[in-house]
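Trainee: Kindly return the folded structure for what I paste below:
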Amino acid sequence: MNMSRFKIWIALMLIPAFSFGWGDSLTTKQRKTIVYGTSAVTYTAIMTSLSIAWYSDFEKSPFHWFNDNSGWLQIDKFGHAFTSYGYGLGGIEMMKWTGIPKKKAIIIGGLAGTFFQSPIEILDGFSVGWGASPGDLLANFAGSAFLIGQELLWDEQRIQMKLSYFPSKYRELRPNVLGNNLPTSILKDYNAQTYWFSVSPGAFSKNSFWPNWLQLSFGYGIDGVLGAESNLWEDDMGNKYDYSHFRRNREYYLSLDIDLTRIKVKNSFLRKWMRAFNIIKIPAPAIRWSPGSAPRYYPLFY
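Mentor: Numbers count the residues shown, from 1 in each chain. Below is the predicted model:
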């Protein structure tokens with residue numbers, strides 16, 4: 001299933017998750033009631049809305065699996081992992097705010113992305129047009145595990161998953177799949193997305209000369225991909241499209257980044273928002289490698 005609507009809800013709920021602090025005078029019981037109650041209502045609303053407004057338009061079938069691991073050059077799996085990772089960051093903050101033991105907060109909160117994304121696969125499994133994807137389920141859990149493991153091991157995120165976006169030329173060729181405007185293309189056009197792993201060498205050594213706020217960032221993206229498996233397709237009217245002249249490429253990047261959580265600011269409200277936006281890769285110089293092509297240098301890449 002296209003995850004665009006679900007990811008919009010994820011994004012809208014993630015930012016407020018970092019803004020807790022207004023209720024410092026509340027008791028632990030009151031905080032638990034707020035967080036658990038809000039999460040339950042939100043979860044129920046999302047699943048009900050999807051079931052009624054989205055899946056009701058498609059023919060039902062017995063539950064079945066669908067292996068889509070070869071699709072989109074696997075960048076969609078990075079998207080699933082990133083969504084679990086990002087939502088888990090907010091989940092951990094919320095769980096810590098309730099006052100429950102730290103380890104418990106990390107595990108429960110860190111699994112928030114898996115809890116919220118994985119039931120979508122169950123709904124997919126009962127739809128004729130799709131199927132439950134084992135690869136998506138694994139990617140959901142991988143994003144959560146990557147987050148939780150670092151919190152338990154280092155009590156911080158030394159290797160951070162981030163996202164960057166720059167409009168591609170392909171959405172105009174297939175707007176119903178890649179997005180017909182800027183907001184939808186941000187979510188649907190995989191050619192325009194780059195997923196990053198940012199790490200500061202200085203975070204691993206107290207005596208390092210490397211500033212711990214300055215990161216090396218390793219990115220993965222794709223280019224020339226107009227369909228999951230190929231650039232050939234047929235629409236509902238029987239019209240055939242052939243864009244096989246576009247080469248479907250994997251792209252690998254090396255760049256610099258900034259860890260906004262390491263920037264010292266006194267304003268607590270600003271600190272929370274900097275934590276929230278730390279999942280976005282900062283524009284910086286970059287080098288790109290792509291199979292069959294010479295390396296390319298970008299003075300500023302995003």
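Trainee: Might you list the low-confidence residue ranges for the stretch 151-300 of the chain?
Mentor: The stretch 151-300 of the chain contains no residues with pLDDT under 70.
Trainee: redo that, cut-off 80
Mentor: Per-residue confidence of the stretch 151-300 of the chain (counting by pLDDT under 80) places the weak regions at 268-269.
Trainee: so where do the helices sit in it?
Mentor: Per DSSP state H, counting those that start in this stretch, the stretch 151-300 of the chain carries helices over the ranges 175-178, 182-188, 268-276.
Trainee: Out of those, which gets nearest to Gly227?
Mentor: The stretch from the helices of the stretch 151-300 of the chain with the least distance to Gly227 (CB to CB) is helix 175-178; that distance is 7.1 Å. C-beta here means a position set from N, CA and C on the backbone, and glycine is covered the same way.
Trainee: Which neighbouring elements make contact with that closest one?
Mentor: Applying 3 or more CB pairs under 8 Å, 6 or more residues apart in numbering; DSSP states H and E, we find helix 175-178 packed against helix 182-188.
Trainee: CA-only coordinates of the helix it packs on, as CSV, when you get a sec.
Mentor: Backbone C-alpha positions of helix 182-188 (Å, rounded to 0.1, in the frame of the first residue of the first chain) are rendered in CSV as follows:
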residue,chain,number,x,y,z
LEU,A,182,4.8,19.1,-4.0
PRO,A,183,3.3,17.7,-0.7
THR,A,184,2.4,14.3,-2.2
SER,A,185,5.6,14.0,-4.1
ILE,A,186,7.6,14.5,-0.9
LEU,A,187,5.9,11.3,0.3
LYS,A,188,5.5,9.3,-2.9
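Trainee: Can you spell out the domain ranges of the chain, please?
Mentor: With domains defined by automatic domain parsing, the chain comprises 1-157, 158-302.
Trainee: Mean neighbour count added to these, as TSV?
Mentor: As requested, the domains of the chain are exported to TSV (neighbours: other CB atoms under 10 Å):
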stretch	mean neighbour count
domain 1-157	17
domain 158-302	16
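Trainee: what's the distance between Tyr85 and Asn181?
Mentor: Using CB to CB, to the nearest Å, one obtains 27 Å as the distance from Tyr85 to Asn181.
Trainee: now Ser39
Mentor: According to CB to CB, Ser39 and Asn181 sit 31 Å apart.
Trainee: same check, this time on Asp136
Mentor: Counting by CB to CB, the separation of Asp136 from Asn181 is 25 Å.
Trainee: what's the answer for Ser118, then?
Mentor: In terms of CB to CB, Ser118 sits 29 Å off from Asn181.
Trainee: ditto for Phe116
Mentor: Applying CB to CB to Phe116 and Asn181 gives a distance of 25 Å.
Trainee: do Glu172 as well
Mentor: When distances are taken as CB to CB, Glu172 and Asn181 turn out to be 11 Å apart.
Trainee: Then Pro119?
Mentor: Between Pro119 and Asn181 the distance, using CB to CB, works out to 28 Å.
Trainee: can you check Asp236 too?
Mentor: If you go by CB to CB, the gap between Asp236 and Asn181 works out to 21 Å.
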